[in-house]
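Q: Just need the structure, nothing else, for what follows:
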Amino acid sequence: MEQQRITEYSHRYFLAPGECTPEGEMPITLLLTRIIEVATEHADMWNIGYSTLSADNLAWVLSRVSIEMTQYPKVNRKYTFVTWVENTNRHFSFRNFKILDQDGSTLGYARTIWAVIDSKAREIVDISRFTFLKDVVSDHPCPISTPSRLLPVADDHAKKHCFKYCDLDINRHVNSVRYVELLMNQLPLELYQSCFVKRFEIAYVRECLYNVEVTLNVDSSTNDVRLEIADDNGATHCRARILLEPRSSEL
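A: Next up, the predicted model:
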């Protein structure tokens, strides 16, 4: 089908008040949710989305995300996500996004890296089986930098957290958005009111499962905040970066 070869896909949304941050903007958690939704819709067009892969116990999972925004969608305004695949190899698909305001102006971009896992073996599988992927790669530019190397984080006042039922997704591991929600909540409201998140990065290293207790390490000594979620054995589950920039005017 010709539809299966669409190299770029877009979806328009409306930002309702109940979805916003206290600043009347789209939160990072919703932005990541939209990234996952739009990527899934695009993959479904190629017959490699959830409904197709799940029959073989396969599923797409996020490996890395980097988001860079000049501003965020505002309350009661429409916005659009545009997505395309920049490159692929045996293990990863490199998918980019552009976020537009309702007037068509660019608000920001995102770079993501995806893998396919065998949900029973919990192992990454070779995606070169999707032979047509090389034919749907787009040369649409993405001007933000690729994800940086995120190092271990030391914290003398680390907090504990235990993931429960509502943190899990259909793959029976902690939902990608739940990690971000937990990490974003480590910074105070006053900081988000004086600064906005210019860049957000997260690297998913190892999946978390139900009832697993983890340690949250946070270094917020500068506006380039570094965060890490690790288990009691010292194994890293994810690392993240929140780059804050002062707001140009008071809310």
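Q: Could you point out the helix or strand that follows the top helix by length along the chain?
A: The longest helix of the chain (DSSP state H) is helix 28-45. Remark: after helix 28-45, the chain's next helix or strand is helix 50-53, criterion DSSP states H and E.
Q: Quick one: mean pLDDT for the longest helix of the chain?
A: The pLDDT scores in helix 28-45 average 96.
Q: Give me the buried positions along that helix.
A: 28-36, 38-39, 42-43 (16 or more other CB atoms under 10 Å). Every C-beta, even on glycine, is put in place using the N, C-alpha and C of the backbone.
Q: Which of those sits closest to D139?
A: Nearest to D139, judged by CB to CB, of the buried residues of helix 28-45 is H42 at 16.5 Å.
Q: excluding its backbone neighbours, what's nearest the closest one?
A: Counting by CB to CB, 6 or more residues apart in numbering, the nearest residue to H42 once its immediate chain neighbours are dropped is Y9, at 4.0 Å.
Q: can you check V75 too?
A: Nearest non-adjacent residue to V75 (CB to CB, 6+ apart): G24, at 4.4 Å.
Q: surely the one you found meets Y72?
A: No. In this structure G24 lies outside contact range of Y72 using CB atoms under 8 Å: 9.2 Å.
Q: residues making contact with the helix or strand of the chain with the lowest mean pLDDT?
A: Using mean pLDDT, DSSP states H and E, the weakest-scoring helix or strand in the chain turns out to be helix 50-53, at a mean of 88. Applying CB atoms under 8 Å, 6 or more residues apart in numbering, the contact partners of helix 50-53 are T40, A43, D44, A59, W60, V116, I170.
Q: now with 6 Å?
A: The contact list for helix 50-53 (CB atoms under 6 Å, 6 or more residues apart in numbering) reads A59.
Q: next helix or strand past that helix?
A: Using DSSP H and E, the helix or strand that follows helix 50-53 towards the C-terminus is strand 58-69.
Q: Run me through the strand neighbours of that following strand, direction for each.
A: When sheet partners are counted by DSSP bridges, strand 58-69 sits next to strand 106-118 (antiparallel), strand 195-204 (antiparallel).
Q: Summarise which helices and strands the helix or strand that it is followed by is packed against.
A: Using DSSP H and E, the next helix or strand after strand 58-69 towards the C-terminus is strand 78-88. In terms of contacts (3 or more CB pairs under 6 Å, 6 or more residues apart in numbering; DSSP states H and E), strand 78-88 is packed against strand 8-14, helix 28-45, strand 93-101.
Q: Dump these to TSV, plus distance to T83.
A: Compiled in TSV, the helices and strands packed on strand 78-88 are given as follows (distance: least, CB to CB, whole Å):
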stretch	distance to T83
strand 8-14	5
helix 28-45	5
strand 93-101	5
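Q: Please enumerate the strands of the stretch 151-251 of the chain.
A: Using DSSP state E, counting those that start in this stretch, the strands of the stretch 151-251 of the chain run over 159-162, 195-204, 213-219, 224-231, 236-246.
Q: In the fourth one, which residues are buried?
A: Judged by neighbour count using 16+ other CB under 10 Å, the buried positions of strand 224-231 are V225, R226, L227, E228, I229, A230.
Q: So which of these is the closest to I99?
A: Taking CB to CB as the measure, I99 sits nearest to V225 out of the buried residues of strand 224-231, at 21.9 Å.
Q: So for stretch 64-74, what gets flagged as buried?
A: Quick answer for stretch 64-74 (16+ other CB under 10 Å): R64, V65, S66, I67, E68, M69, Y72, P73, K74.
Q: ok, so of those, who is nearest A235?
A: Of the buried residues of stretch 64-74, the one sitting nearest to A235 (CB to CB) turns out to be R64, at 17.9 Å.
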